[in-house]
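1. whatever this is, show me its structure:
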Amino acid sequence: MNGLHGIIFSYEKRNEMQELGQIRSAASIPFGGRYRAVDFALSSLVNAGCTDVGVVLHGHYQSLLDHLGTGKAWDLSRKRGGLRMLPPFNYQQSWGAMPFRGHMEALAAVRSYLDSIRQDYVALMDGDLVTNLPMNDIYESHVKSGADVTVVCGNDSFATDDGTYFEISDGRVTEVLYNLHRPRGYRGLEVYIVSTKLLKEMVDECAAKDQYSWRRDVLQARKDQLYLRSYIWSGFAAQMRSVKEYYDRSMQLLDPAIRADLFTPVRPVRAKGTDKSSTYVGPEGVCVNSLVGEGCRIEGVVENSILFPGVNVAKGAAVRDSILFKGTNILSGAKLAYVICDKDVKVQEDRTLMGHATYPIVVAKGSIV
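-> The predicted structure follows:
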């Protein structure tokens, strides 16, 4: 399917991510033991045969640059096309320089990139969406329907913030809603298919009128002029907008049925390799109902937890209901429950960190506790 081009929007941070969002964009937040959030959007596109993808950067993007590199892990390292990183930009107003205000303003700033797109259609996606979409089916459905824009919708519980909702009749979008006190209709996944020609026309028109919002100035304002068609996705989908939501969505992966839905062999999720050895579980080590990445060393107790590559749990330590990012070191006698440790955290001997399922503790990157 070489008729589709991908554009992924990466935002600096989302609402209440606390320490997890202070050093990285939402798209580069680790998820599921070895992945970053952006891996799922990239994999959905690549699995459908998409060969050209542009990533619109925002702020705190160094982590994302390090992760994506040349795009080789997703077969997007190419002499022509492939993965393109589109740098962040500012617009100038009377109060000074400010980051872009919405999707349309971001696209207007990379207008020359839009002119270089070789494909007839573009998929617009947010980089922090964790799902495994059948983009080939969505694309074919869009072409056959003759719609101007195809809107991908899911259930209304995949995220907690005030997202975009669509009222649908016979597959056609009849109303575009947001900031609802009582949500109704179908929740948008912020995934859209639109023709390249129409996208460029809408970007130019919005730029001429100082309009910047995709959902307000395009979808809502032009819903009667455009043919908006829906595609309903019933599989697992998540956008983490708070620490608790990140924790809850991560822990759902301990359910085999949800893992099977998200990591289906038909559409593999690709990720950057870690180049680490196999995980070692010592003679007295215990690992129960957990996801464990490569290169971990477990000599203590690990229960109902997610360990990223290179985590060390020493003899006598206990980790329960927690998420430990890459390189975390838990020394002997330490006890952790309902804790999220960012990268390279060291928990000293006999320390106790105790959160709660409704309020997990977050330990910032590189901290020594």
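
2. got a list of contacts for stretch 250-265?
-> For stretch 250-265, contacts defined as CB atoms under 8 Å, 6 or more residues apart in numbering pick out 31-33, 130-132, 235-236, 238, 269, 289-291, 304, 306, 321, 323. C-beta here means a position set from N, CA and C on the backbone, and glycine is covered the same way.

3. in contact with the spatially most central residue of the chain, which residues?
-> Residue closest to the average C-alpha location in the chain (CA atoms, centre = their mean): Asp128, at 2.2 Å. Taking CB under 8 Å, 6+ apart as the criterion, Asp128 is in contact with Ser10, Tyr11, Arg14, Ala26, Ala27, Ile29, Ala37, Val38, Gln239, Met240.

4. and if we set it to 7 Å?
-> Listed by CB atoms under 7 Å, 6 or more residues apart in numbering, the contact set of Asp128 reads Arg14, Ala26, Ala27, Ala37, Gln239, Met240.

5. now intersect those with the strands, please.
-> When DSSP state E defines the strands, the subset of those inside them is Gln239.

6. ok so Tyr247 is a strand residue?
-> No. Using DSSP: H, G, I helix; E, B strand; the rest coil, the secondary structure at Tyr247 is helix, not a strand.

7. break the protein into its domains for me.
-> Split into domains by automatic domain parsing, the chain comes to 4-262, 280-363.

8. closest to Gly273 out of these?
-> Nearest to Gly273 among the domains of the chain is domain 4-262 (6.7 Å), distances taken as CB to CB.

9. tell me which stretches of the stretch 151-300 of the chain form strands.
-> Listed in chain order, the strands of the stretch 151-300 of the chain (DSSP state E, counting those that start in this stretch) span 164-169, 172-178, 186-195, 228-232, 237-239, 280-281, 286-288, 291-292, 297-298.

10. just those strands: most buried one?
-> Stretch with highest mean neighbour count among the strands of the stretch 151-300 of the chain: strand 237-239 (a mean of 25; mean count of other CB atoms under 10 Å).

11. work out the sheet partners of that strand and label each with its direction, please.
-> Under the criterion DSSP bridges, strand 237-239 sits next to strand 129-131 (antiparallel) in its sheet.

12. immediately after the partner strand, which helix or strand?
-> Once strand 129-131 ends, the next helix or strand along the chain (criterion: DSSP states H and E) is helix 135-145.

13. pull the CA atoms of stretch 216-227 into CSV?
-> Coordinates of the C-alpha atoms in stretch 216-227 are reproduced here as CSV (Å, rounded to 0.1, in the frame of the first residue of the first chain):
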residue,chain,number,x,y,z
ARG,A,216,-12.5,23.0,15.5
ASP,A,217,-11.6,24.9,12.3
VAL,A,218,-11.7,21.9,10.0
LEU,A,219,-13.8,19.0,11.3
GLN,A,220,-16.4,21.0,13.2
ALA,A,221,-16.5,24.2,11.1
ARG,A,222,-16.7,22.2,7.8
LYS,A,223,-18.7,19.2,8.8
ASP,A,224,-21.5,20.2,6.5
GLN,A,225,-19.2,20.9,3.5
LEU,A,226,-17.0,17.8,3.9
TYR,A,227,-18.0,14.1,3.7
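
14. now do that stretch: everything it contacts.
-> Outside stretch 216-227, the residues that touch it by CB under 7 Å, 6+ apart are Met104, Ala147, Asp148, Val149, Val173, Val176, Met202, Cys206, Gln211, Leu228.

15. quick check: the farthest pair among the residues you listed?
-> Longest distance between any two of the contacts of stretch 216-227 is 21.7 Å, between Ala147 and Gln211; criterion CB to CB.

16. neighbours around Val149, how many?
-> Neighbourhood size, Val149 [other CB atoms under 10 Å]: 24.

17. list the contacts of it.
-> Val149 is in contact with Tyr192, Val194, Leu226, Leu228, counting by CB under 7 Å, 6+ apart.

18. closest one to Val369 among the domains of the chain?
-> domain 280-363 (4.9 Å).

19. buried members of the contacts of stretch 250-265 into PyMOL, please.
-> The PyMOL selection below is limited to those of these classed as buried (16 or more other CB atoms under 10 Å):
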select buried, resi 31+32+33+130+131+132+236+238+269+290+291+306+321+323
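
20. need the domains of the chain in JSON lines with distance to Thr274 and mean pLDDT, can you?
-> Converted to JSON lines, those look like this (distance: least, CB to CB, whole Å; pLDDT from 0 to 100):
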{"stretch": "domain 4-262", "distance to Thr274": "7", "mean pLDDT": "86"}
{"stretch": "domain 280-363", "distance to Thr274": "4", "mean pLDDT": "94"}
